[in-house]
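K.L.:
pasting the sequence and the predicted coordinates here, then a few questions.
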Amino acid sequence: MTHLRSLAVIALFAVLAACSPRPAPDAGTGVRLLTDVTLVPTTPPPTVTPSHTPPPDATTAPTETPTQNVERVSPLQIVTQPADAVLVTPTLPPSKTPSQTPTSTTTPTVSPTPTVTVTATATTLLFPTVVFTPIPAVVIQPVDELCLNQWTFIQPPPSGCPLAPATVGQGVYQTFERGHMIWVGQQDAIYVMFSDGLQPYWRRYVDTFDENIHPWDDPARNSDPARPPNTWQPRRGFGKLWREAPPEEILNRVGWATMEWEEPYSVKIVTRSDGTIFVNDSLGRVFMLSPGAGWTYYAGFAN
């Protein structure tokens, strides 16, 4: 019973507090009421229902049963109280609508062409080599002192050494339209030098003429219509070789003699170690007959 009274007193104080006048808020300062906030109880307060009869007490005497008065506690009134602060129920901001994520288009990838890796090899730097080509110079071959006494008839003496000292003997010389003939008595040989430009340029023949057997010339040749003027047929050994040898070998190459008679003189002849023959003529000139080559006048003279 006492409990119920306490609850009623508490409720009464709450009502009085709610209904008591409040000072008007200053219109110029402070917080102005913007809206009323209604506090709604979420759970109704409990209602106390007293029992009709108390529990029996065996030790106490029976008491008079009072008239039953049922008190009902009404629920708390909903009081609207102006407040200095505004209770704002937070509102969640609107959710952002996710924008559509752009889909990236895959770009085709070009496969790189494999690169051949060249390994650098260390090389030696080569510089051009200067090759000097020697120019052959004309060198005057020194004449051995022992050879000087053997070139007795040629001045200046040729280079090299003769195979043997020069021989001196009876000789004969005669000129022709296209050549020369020299007879060397100690060799019993006739040298023919051709100047027609054909090979061989010179030849050596054995003299087979015998005065006791062979005529000196052929009288019929003197009236030969083919003989050019101021020319003659050769006689003795030159004539026999000129008439009897094949025409294409002697007669057609040297032609007719330009001297009416051959000219005797002292002939000197020597052979050098390389086979070159040096022989003089009746005019003091020296023929140099090279083996297998040609002939020429030596740049000297015979004494």
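P.N.:
Arrived safely.

K.L.:
got the contact list for residue 273?
P.N.:
Listed by Cβ atoms under 8 Å, 6 or more residues apart in numbering, the contact partners of residue 273 are 160-163. C-beta coordinates here come from the backbone N, C-alpha and C atoms, glycine included.

K.L.:
just the buried residues of these.
P.N.:
The neighbour count (16 or more other Cβ atoms under 10 Å) marks 161-162 as buried among the contacts of residue 273.

K.L.:
among the contacts of residue 273, name the least confidently predicted one.
P.N.:
Ranked by pLDDT, those bottom out at residue 160, which has 89.

K.L.:
how close does that one get to residue 290?
P.N.:
Shown here: residue 160 relative to residue 290, a distance of 13 Å by Cβ to Cβ, to the nearest Å.

K.L.:
same thing with residue 210?
P.N.:
From residue 210 across to residue 290, the span is 32 Å (Cβ to Cβ).

K.L.:
neighbour count winner among the two?
P.N.:
Higher neighbour count among residue 210 and residue 290: residue 290, with 15 against 9, using other Cβ atoms under 10 Å.

K.L.:
quick one: pLDDT of the closest residue in space to that one that isn't next to it in sequence?
P.N.:
Once flanking residues are discounted, residue 290 sits nearest to residue 276: 5.3 Å by Cβ to Cβ, 6 or more residues apart in numbering. Predicted confidence (pLDDT) for residue 276: 96.

K.L.:
my guess is residue 276 contacts residue 289. True?
P.N.:
Yes. Between residue 276 and residue 289 a contact is recorded at 6.7 Å, counting by Cβ atoms under 8 Å.

K.L.:
looking at those two, which one has more neighbours?
P.N.:
For residue 276 versus residue 289, the count of surrounding residues by other Cβ under 10 Å is larger for residue 289: 21 against 18.

K.L.:
contacts only, for the spatially closest residue to that one that is not a sequence neighbour.
P.N.:
Closest residue to residue 289 apart from its sequence neighbours, by Cβ to Cβ, 6+ apart: residue 277 at 4.3 Å. For residue 277, the contact set (Cβ under 8 Å, 6+ apart) comprises 269-271, 287-289.

K.L.:
pull the most distant pair out of the residues you listed.
P.N.:
The largest separation in the contacts of residue 277, counting by Cβ to Cβ, is between 271 and 287 at 12.6 Å.

K.L.:
overlap in contacts, the two.
P.N.:
Listed contacts common to residue 271 and residue 287 are 277-278; contacts here mean Cβ under 8 Å, 6+ apart.

K.L.:
which one of those two is surrounded by more residues?
P.N.:
For residue 271 and residue 287, the more surrounded residue by other Cβ under 10 Å is residue 287, and the numbers stand at 20 against 17.

K.L.:
Validate this expectation: that one resides in a helix.
P.N.:
No. Counting by DSSP: H, G, I helix; E, B strand; the rest coil, residue 287 is not found in a helix; it is strand.

K.L.:
and the closest residue to it other than its chain neighbours, how close does it get to residue 191?
P.N.:
In this structure, residue 287 finds its nearest non-sequential neighbour in residue 279, 5.2 Å apart by Cβ to Cβ, 6+ apart. Using Cβ to Cβ, residue 279 is found at 7 Å from residue 191.

K.L.:
overlap in contacts of those two?
P.N.:
182, 184, 287, 289.

K.L.:
give me the below-cutoff pLDDT ranges for the stretch 1-150 of the chain.
P.N.:
The model of the stretch 1-150 of the chain has pLDDT under 70 over residues 1-6, 8-9, 11, 13-146, 149.

K.L.:
hmm, back to that, beta partners of the residue nearest to residue 289?
P.N.:
Judged by DSSP bridges, the bridge partners of residue 277 are residue 271, residue 289.

K.L.:
tell me how far it lies from residue 185.
P.N.:
Distance from residue 277 to residue 185, by Cβ to Cβ: 16 Å.

K.L.:
how about residue 234?
P.N.:
17 Å.

K.L.:
and these two? which has more neighbours close in?
P.N.:
Between residue 234 and residue 185, counted using other Cβ under 10 Å, the more crowded position is residue 234 (26 against 15).

K.L.:
neighbours around the residue lying closest to residue 176 once chain neighbours are set aside, how many?
P.N.:
Leaving aside its chain neighbours, residue 176 sits nearest to residue 254 (4.1 Å; criterion: Cβ to Cβ, 6+ apart). Residues near residue 254, counting by other Cβ under 10 Å, number 23.
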